[in-house]
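> build me a model:
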Amino acid sequence: MARSSRQSTFFQLRKQYPFFIFEKQEYSLTSRGLDIRFTFNLAGQHTFHPTLFIPRKSFFLADDYLDNKLDNIVFNLGMIELVSYWKAACSPTLVVRPFPLHHDQVTWWKKLYFHGLGEFFYLNGIDVTEDNFMEISVLQPDPSTASPADAGGFLQPYDSVIIPVGGGKDSAVTLELLGAASGSLPLILNPRGASLETIAVNGIALDRLIEIHRVIDPELLRLNDQGFLNGHTPFSAMLAFVTVLSAILTGYRHIALSNESSASEATIEGTEINHQYSKSFQFETHFREYVRKWICRDINYFSFLRPLNELQIASLFARFTRYHPVFKSCNAGSKTDTWCGVCAKCLFTYAILSPFLSEVQLLDIFGKNLFEDGSLKPLFDQLTGVANEKPFDCIGTVREVNLALCETIRRRNETTLPFLLDYYKKSQTYSRYCQIDFAAELLHISPEHHLRPEFFKIVGEWVRKVNGRTGGQADRRTGGQADKRTCGHADGE
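Numbering: from 1, shown residues only. All right, here's what the predicted structure looks like:
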């Protein structure tokens, strides 16, 4: 989505639709599963009914045990679902009817909406502040004390883990490293080919899968077609609340996401605008605190890959070749379960894997050599930091991309390079990064994480196993000398 100026549309819509109401939540737990339906009202002129359905599985807790344990989490799920509908007109007042909210919760939700919609505001050219973009009016009395966080009933083993699987390389790595954990369950929101095939490769049967089927009300899509405001919403925050609901339904204690350290980098340098805000360490920390205080004190929501960078994850994934034919990370090709080969996500994934896979392996995955495609140069410049801003996509840091490209050039050691690598090798950007110790990047573990010791041990052991070999150290010394000669040549051009 290109940046535009819709400030005037923003003001017009807010005037025409001065309030947005979270009317009610409805749910039923039957032999079929859990059905959830929300009712949202845009200033009495448009009504929305988004739904969620979770098919019943044998690992659900007993219905009588779940009585009175779902109201709170379903309400919170509605609070994150509504942001997709509220943003159509950005009504200045949000009215919350079905459930009470403490003033601390109101502050928390405003922060999530504001930062989670940072990209939306930026690309639509909307100038707002956290104070003035919305007011939340709660119709039920504000509780005088903190709501008891007692929704859980953890009857499963202490190390039981729910693992959200999206079909990309990151969740495949988490599934591979944690899949053998006692009682682990994969979770898929709106199952598709790549996500289902990933768990199949891991040997997990469908009767061990938590399936979440989310349906957007078509009325929202109709309004988008009519010119209402549209753009990115914090989808991973929706996933977060869905996983907590699933933990309550199943009695599973741990929720292991696959967000890496790179997700915390701002998309627009010098700002807090981050396409991946709801994947960031900041959000993870705030969400853990919210769940502990307002939903269930015993649920352990964390990102298993948070101590790692994208280079380390790629180095691990390169080892797990059985996932290579099935994983997909391309948003443009998600409906057809393909790699489009022309988007930022495809180019980033190709680049980050290129130091660890051969050209033949990459060709088998993507169907073409993306480094030969000159039309990708604008995206390439964004990924390497030459352009003013990164692509608005779930990609790694500028530093990680540059180090991956430098290492790919060193390992190939070819006189003739594909178009984008040849272009890059002649650039000043290459000169700045090519002497950085690539092997050291593969061994660095970030201290910024929420992993318990038993999970942190697994991550550390795998990183050392794959990237801490003696041969790698020798290769690094040889590579360092070669890099210096090459960099000197680039500097002279």
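> residue contacts, Glu211?
Taking C-beta atoms under 8 Å, 6 or more residues apart in numbering, we find Glu211 in contact with Ile54, Pro55, Ile188, Pro191. Quick note: C-beta positions are derived from backbone N, CA and C, even for glycine.
> if I've got this straight, the third one is in a strand?
Yes - judged by DSSP: H, G, I helix; E, B strand; the rest coil, Ile188 forms part of a strand.
> for it, give its distance to Val215.
The gap separating Ile188 from Val215 is 15 Å, by C-beta to C-beta, to the nearest Å.
> compare those two (neighbour count), which wins?
Ile188 (23 against 12; other C-beta atoms under 10 Å).
> wait, the more buried one touches Pro164, no?
Yes - applying C-beta atoms under 8 Å as the test, Ile188 and Pro164 come out as touching, 7.5 Å apart.
> circling back: among the contacts of Glu211, name the buried ones.
Among the contacts of Glu211, those buried by neighbour count (16 or more other C-beta atoms under 10 Å) are Ile54, Ile188, Pro191.
> helix, strand, or coil at the first one?
Following three-state DSSP, the label given to Ile54 is strand.
> pLDDT score for it?
Confidence at Ile54, expressed as pLDDT, is 98.
> can you say which helix or strand has Tyr430 in it?
Assigned by DSSP states H and E, Tyr430 falls within helix 428-433.
> quick one: distance of that helix to the chain centre.
29 Å (C-alpha atoms, centre = their mean, to the nearest Å).
> quick one: buried residues of it?
For helix 428-433, a neighbour-count test (16+ other C-beta under 10 Å) marks Thr429, Tyr430, Ser431, Tyr433 as buried.
> which is the next helix or strand following that helix?
helix 438-443.
> and that following helix, average pLDDT?
94.
> who does that helix touch, helix- and strand-wise?
Where contact means 3 or more C-beta pairs under 8 Å, 6 or more residues apart in numbering; DSSP states H and E, helix 438-443 is packed against helix 310-319, helix 398-412, helix 453-467, helix 470-492.
> redo the buried ones among the contacts of Glu211 as TSV? Include distance to Leu94.
Output for the buried ones among the contacts of Glu211, formatted as TSV (distance: C-beta to C-beta, whole Å):
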residue	distance to Leu94
Ile54	26
Ile188	30
Pro191	31
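> name the element Tyr350 belongs to?
Going by DSSP H and E, Tyr350 is part of helix 344-353.
> off-centre distance for that helix?
16 Å.
> right, and the helix or strand after it?
Next along the chain after helix 344-353, taking DSSP H and E as the criterion, comes helix 359-366.
> packing partners for that next one?
Secondary-structure packing of helix 359-366 (3+ C-beta pairs under 8 Å, 6+ apart): helix 344-353.
> could you list the buried residues of stretch 312-326?
Within stretch 312-326, judged by 16+ other C-beta under 10 Å, the buried ones are Gln312, Ile313, Ala314, Ser315, Leu316, Phe317, Ala318, Phe320, Tyr323, His324, Val326.
> please look at Tyr423 and Leu376 and confirm they touch.
No - when contacts are counted by C-beta under 8 Å, Tyr423 is not listed as touching Leu376 (10.5 Å).
> of these two, who's got more company?
Leu376 (21 against 16).
> now the more buried one, nearest residue through space, not along the chain?
Spatial nearest neighbour of Leu376, chain neighbours left out: Leu347 (5.5 Å); criterion: C-beta to C-beta, 6 or more residues apart in numbering.
> now the one you found: how far from Lys426?
Separation of Leu347 from Lys426 (C-beta to C-beta): 19 Å.
> more neighbours: these two, which one.
Neighbour count, other C-beta under 10 Å: between Leu347 and Lys426, Leu347 has more, with 25 against 14.
> contacting residues around that one?
Contacts for Leu347 (C-beta under 8 Å, 6+ apart) come out as Leu370, Leu376, Leu379, Phe380, Leu383.
> need those in a markdown table (columns: distance to Arg97).
A markdown table is the format used below for these (distance: C-beta to C-beta, whole Å):
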| residue | distance to Arg97 |
| --- | --- |
| Leu370 | 50 |
| Leu376 | 49 |
| Leu379 | 45 |
| Phe380 | 49 |
| Leu383 | 45 |
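> closest one of these to Ser84?
Leu379 (26.9 Å; C-beta to C-beta).
> okay, and that closest one sits in which element?
helix 377-383.
> please work out how many residues are found near the spatially closest residue to Leu383 that is not a sequence neighbour.
Spatial nearest neighbour of Leu383, chain neighbours left out: Val401 (4.7 Å); criterion: C-beta to C-beta, 6+ apart. Neighbours of Val401 under the rule other C-beta under 10 Å: 26.
> wait, Val401 touches Phe348, no?
Yes - with contact defined as C-beta under 8 Å, Val401 reaches Phe348; the gap is 6.7 Å.
> residues shared between the contacts of these two?
Taking C-beta under 8 Å, 6+ apart as the criterion, Val401 and Phe348 both touch Leu383, Ile395.
> domains in the chain, by residue range?
Listed by automatic domain parsing, the domain ranges of the chain are 7-140+154-303, 329-492.
> which of the ones you listed comes out lowest on mean pLDDT?
Taking the mean pLDDT of the domains of the chain, domain 329-492 comes last: a mean of 85.
> dump the helix holding Tyr350 to PDB, restricted to CA.
Taking C-alpha atoms only, helix 344-353 is exported to PDB below (Å, rounded to 0.1, in the frame of the first residue of the first chain):
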ATOM      1  CA  ALA A 344       9.500  -7.900  -0.300                       C
ATOM      2  CA  LYS A 345       8.700 -11.000   1.800                       C
ATOM      3  CA  CYS A 346       9.800 -13.300  -1.000                       C
ATOM      4  CA  LEU A 347      13.000 -11.400  -1.600                       C
ATOM      5  CA  PHE A 348      13.900 -11.100   2.100                       C
ATOM      6  CA  THR A 349      13.300 -14.900   2.600                       C
ATOM      7  CA  TYR A 350      15.400 -15.700  -0.400                       C
ATOM      8  CA  ALA A 351      18.200 -13.400   0.800                       C
ATOM      9  CA  ILE A 352      18.200 -14.500   4.400                       C
ATOM     10  CA  LEU A 353      18.400 -18.200   3.300                       C
END
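> hey, what's the angle from it to helix 359-366? Just curious.
For helix 344-353 against helix 359-366, the angle by axes from the mean of the first three to the mean of the last three C-alpha atoms, to 10 degrees is 150 degrees.
> the strands in the stretch 101-250 of the chain, which residues?
All strands of the stretch 101-250 of the chain, identified by DSSP state E, counting those that start in this stretch, fall at 135-138, 161-164, 185-189, 210-215.
> most tightly packed of these?
Of all those, strand 161-164 has the most neighbours on average by mean count of other C-beta atoms under 10 Å, namely a mean of 25.
> who does it touch, helix- and strand-wise?
Counting by 3+ C-beta pairs under 8 Å, 6+ apart, the packing neighbours recorded for strand 161-164 are helix 169-178, strand 185-189, helix 235-250, strand 254-257.
> against Pro234, how distant is Glu81?
11 Å.
> also Phe302?
As for Phe302, its distance to Pro234 is 18 Å (criterion: C-beta to C-beta).
> repeat for Ser334
Shown here: Ser334 relative to Pro234, a distance of 18 Å by C-beta to C-beta.
> try Arg410
According to C-beta to C-beta, Arg410 and Pro234 sit 38 Å apart.
> higher neighbour count, the two?
Neighbour count, other C-beta under 10 Å: between Arg410 and Pro234, Pro234 has more, with 25 against 18.
> from memory the more buried one sits against Gly118, does it?
No - Pro234 is beyond contact range of Gly118, at 9.1 Å (criterion: C-beta under 8 Å).
> right, I'll call it a day here.
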